[in-house]
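When you get a sec, could you give me coordinates for this:
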Amino acid sequence: MVDNWEHWREIDPRERALLMHLLRDDFQGKAEILEQINSVEVMRVNPEGSLKLRTSGPVAEVKDSDAPSQRANDKIPVEGFYDDESDNKKRFLSVAKIVRLALHVTDGRLSEMEIYKEDGSMIATDPYKIDHSRVHFY
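You can find the predicted model right below:
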């Protein structure tokens, strides 16, 4: 059996839709990033859905958002999040279980769409099936 997590492939429509949703607002370097998406290939790197990204096209000069990257030559120009509801029960008072979506740009090229849950538990709502109106931005 071939493990699709270890091979470069074309981005699928749901992955592309989430990536484009993350790129909806203006930021420095957006035009170059949009050109890079024309050639993007992806590799899934974990069960949460994080994708390594590889592209060609013009190099983008971007700035970090509110959450700077700890990686060398890496910037996070866009970061979003959604509340991962493990059940459909609406409670009067509940603690949000936040799933973070961070777009990484390394040396001017898209390099990763990082997806992780703040509390480390399993993600209940698939990030590629989420209603985009539930994704908020910092």
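
can you tell me the helix or strand for the most centrally placed residue in the chain?
Closest residue to the average C-alpha location of the chain: residue 113 at 3.3 Å, with C-alpha atoms, centre = their mean. Using DSSP states H and E, residue 113 sits within strand 109-117.

For the longest helix belonging to the chain, which helices and strands make contact with it?
Determined from DSSP state H, the single longest helix within the chain is helix 13-22. Contact analysis of helix 13-22 by 3 or more C-beta pairs under 8 Å, 6 or more residues apart in numbering; DSSP states H and E lists helix 30-37, strand 74-83, strand 98-106, strand 109-117 as its packing neighbours. C-beta: built from backbone N, CA, C; applies to glycine.

Can you tell me which of these is nearest to residue 132?
Closest approach to residue 132 among the helices and strands packed on helix 13-22 (C-beta to C-beta): strand 74-83, 9.2 Å.

Just the C-alpha atoms of the closest one, please, in CSV.
Extracted C-alpha coordinates of strand 74-83, given in CSV (Å, rounded to 0.1, in the frame of the first residue of the first chain):
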residue,chain,number,x,y,z
ASP,A,74,10.1,31.6,7.5
LYS,A,75,7.2,34.0,7.9
ILE,A,76,3.5,33.5,8.7
PRO,A,77,1.6,36.2,6.8
VAL,A,78,-1.8,34.7,7.4
GLU,A,79,-3.2,32.8,10.3
GLY,A,80,-6.8,31.7,10.9
PHE,A,81,-8.7,29.6,13.3
TYR,A,82,-12.0,27.8,14.0
ASP,A,83,-13.8,26.3,17.0
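
Contacts for that strand next, please.
21-23, 25, 27-30, 33, 62-69, 96-106, 111, 125, 127, 130, 134-138 (C-beta atoms under 8 Å, 6 or more residues apart in numbering).
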